[in-house]
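A.B. asks: attaching a predicted model along with its sequence, questions to come.
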Amino acid sequence: MNIKSLLSKTLALSLLAGSLAVATVSAAEEAAFDVRPVPVKTPPPQFPSDMQRQGVSGVVAVRVVIDETGGVSECSVSKSSHTEFEQAALNAVKNWKFKPASKGGVAVKASVVIPIKFSVET
């Protein structure tokens, strides 16, 4: 496939984290809350231009700590298919906002792993 035809393909970025139902949580972490955090603002990551030009797709699993106000207090890469996607995923998730998790009706800190999928549609 030549560069011109590759660049003419439609590129799409899809976030699997539209619902935290796809997020993974360990049993110990889940015991820390009754109600999972819910994303309310999820700006998408910037697709790295080199990966976009090459037509490469991938997934980054981001471990996110959501504080009692629904802000992201920490985030780190748990796993990724390509290191080139990691910084874009982290930069985006740092700006996400959530309805915080709760335990007994009180907002609590929660840690979840959210997969961010970068895909090139043909």
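C.D. replies: Received, thanks.

A.B. asks: residue boundaries of the helices in this protein?
C.D. replies: Applying DSSP state H to the chain gives helices spanning 3-8, 27-30, 49-54, 86-93.

A.B. asks: flag every buried residue along stretch 50-57.
C.D. replies: The neighbour-count criterion (16 or more other C-beta atoms under 10 Å) identifies 51-52, 56-57 as the buried residues of stretch 50-57. For every residue, glycine as well, the C-beta is placed using N, CA and C.

A.B. asks: what sits opposite residue 66 in the beta ladder?
C.D. replies: residue 72, residue 110 (DSSP bridges).

A.B. asks: which ones are touching it?
C.D. replies: 37, 72-73, 98, 100-101, 109-112 (C-beta atoms under 8 Å, 6 or more residues apart in numbering).

A.B. asks: quick revisit: of all the buried residues of stretch 50-57, which two lie farthest apart?
C.D. replies: The span of the buried residues of stretch 50-57, defined through C-beta to C-beta, is set by 52 and 57 at 10.0 Å.

A.B. asks: what is in contact with the two at once?
C.D. replies: residue 120.

A.B. asks: hmm, who's touching stretch 78-95?
C.D. replies: Against stretch 78-95 from outside (C-beta under 8 Å, 6+ apart): 41-48, 50-51, 56, 58-64, 72, 75-77, 113-114, 116, 118.

A.B. asks: convert the C-alpha atoms of that stretch to CSV, please.
C.D. replies: Presented in CSV, the C-alpha positions along stretch 78-95 are these (Å, rounded to 0.1, in the frame of the first residue of the first chain):
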residue,chain,number,x,y,z
SER,A,78,-0.6,-0.6,32.9
LYS,A,79,-0.1,-2.3,29.6
SER,A,80,0.2,-1.2,25.9
SER,A,81,0.4,-2.7,22.5
HIS,A,82,2.7,0.1,21.2
THR,A,83,4.7,2.5,23.4
GLU,A,84,4.1,5.3,20.8
PHE,A,85,0.4,5.5,22.0
GLU,A,86,1.2,5.7,25.7
GLN,A,87,1.8,9.4,26.1
ALA,A,88,-1.2,10.4,24.0
ALA,A,89,-3.4,8.1,26.2
LEU,A,90,-2.0,9.5,29.4
ASN,A,91,-2.3,13.1,28.3
ALA,A,92,-6.0,12.6,27.4
VAL,A,93,-7.0,10.7,30.5
LYS,A,94,-5.4,13.3,32.8
ASN,A,95,-8.1,15.7,31.5
